[in-house]
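A.B. asks: got a structure for you, letters missing:
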């Protein structure tokens, strides 16, 4: 209810119910008022009804819980009516990265020190997360070199999200990525490759024409392609400075070799090759 309407109601309530002089002090405690919810009659007059209010401090104040949102509470409302805001502890330290090779996640938490009571301010978020990237990948390199990247055109990316929903009853994993890291959007990243060799068949395959010798291509690692057994990365994202292989899915005669141009990060998705319509996706 707008403040102006509340003032109008106060005038009529004061006239017809003859508010006594003891409520003129602007104190909920002295007025013995504490009202749940919204109650515009739960008001304390600071000046006589017939007085001309020249000072904003003489405006009526309220002792109902709606005043917390409208900002017109009496000065002692919280104390007199037992309103307690939530209090939380300071943030704890960031955890270590949850992977030792490639993109991962760090978290930090805080706890509730005082629970809210009687309409007090609710508690804020108790967990924060941020992305990280680890480079201790030496023990992964031999296996990664042997991997073959399986690719699809980026135009098929939307099909992966066709069943996404905001209804938590239908798709809990999308609403709780901390319980299913595979669907954590912060784990997505992009990789740029320089194509060293590409079969001639790629020139005739829709969606794979960008795979030309000497060209750079962008491949996006989306949530659906993350592999838990690979420390939450995509299969075939390559090794820095080493030649690896790729194959176009649905076009078995389109295959070749490439070399990773740089370390994969979420920032790599801003590269020009990742912004055009010729990017690819891992599967």
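C.D. replies: All right, it came through fine. Note that the structure is a prediction, hence the values are computed from the model and not measured. Numbering: from 1, shown residues only.

A.B. asks: any idea how far the closest residue to residue 39 other than its chain neighbours is from residue 80?
C.D. replies: What sits nearest to residue 39 in space, not counting adjacent residues and going by CB to CB, 6 or more residues apart in numbering, is residue 64, at 4.2 Å. (Each C-beta comes from the backbone N, C-alpha and C, glycine too.) Distance check for residue 64 against residue 80: by CB to CB, to the nearest Å, it reads 12 Å.

A.B. asks: Comparing these two, which shows the higher neighbour count?
C.D. replies: Ranked by neighbour count (other CB atoms under 10 Å), residue 64 and residue 80 place residue 64 first, with 25 against 18.

A.B. asks: Just the buried residues of the helix or strand where residue 151 lies, please?
C.D. replies: Remark: residue 151 resides in strand 148-153, with elements defined by DSSP states H and E. Applying a neighbour-count criterion of 16 or more other CB atoms under 10 Å, the buried positions in strand 148-153 are 149, 150, 151, 152, 153.

A.B. asks: I figured residue 193 was touching residue 219, is that so?
C.D. replies: Yes. Counting by CB atoms under 8 Å, residue 219 is a contact partner of residue 193 at 6.5 Å.

A.B. asks: Give me the more crowded residue out of those two.
C.D. replies: The residue with more neighbours, out of residue 193 and residue 219 and counting by other CB under 10 Å, is residue 219; that gives 29 against 25.

A.B. asks: what's the distance between the spatially closest residue to that one that is not a sequence neighbour and residue 65?
C.D. replies: Nearest residue to residue 219, sequence neighbours excluded (CB to CB, 6+ apart): residue 280, at 4.7 Å. Separation of residue 280 from residue 65 (CB to CB) stands at 56 Å.

A.B. asks: out of the two, which sits in the more crowded spot?
C.D. replies: Set side by side, residue 280 and residue 65 give different neighbour counts by other CB under 10 Å, the larger being at residue 280 (27 against 21).

A.B. asks: Name whatever forms a beta bridge with that one.
C.D. replies: On DSSP bridges, the residues paired with residue 280 through beta bridges are residue 153, residue 219.

A.B. asks: got a list of what it touches?
C.D. replies: Listed by CB atoms under 8 Å, 6 or more residues apart in numbering, the contact partners of residue 280 are 151, 152, 153, 154, 207, 208, 210, 217, 218, 219, 220.
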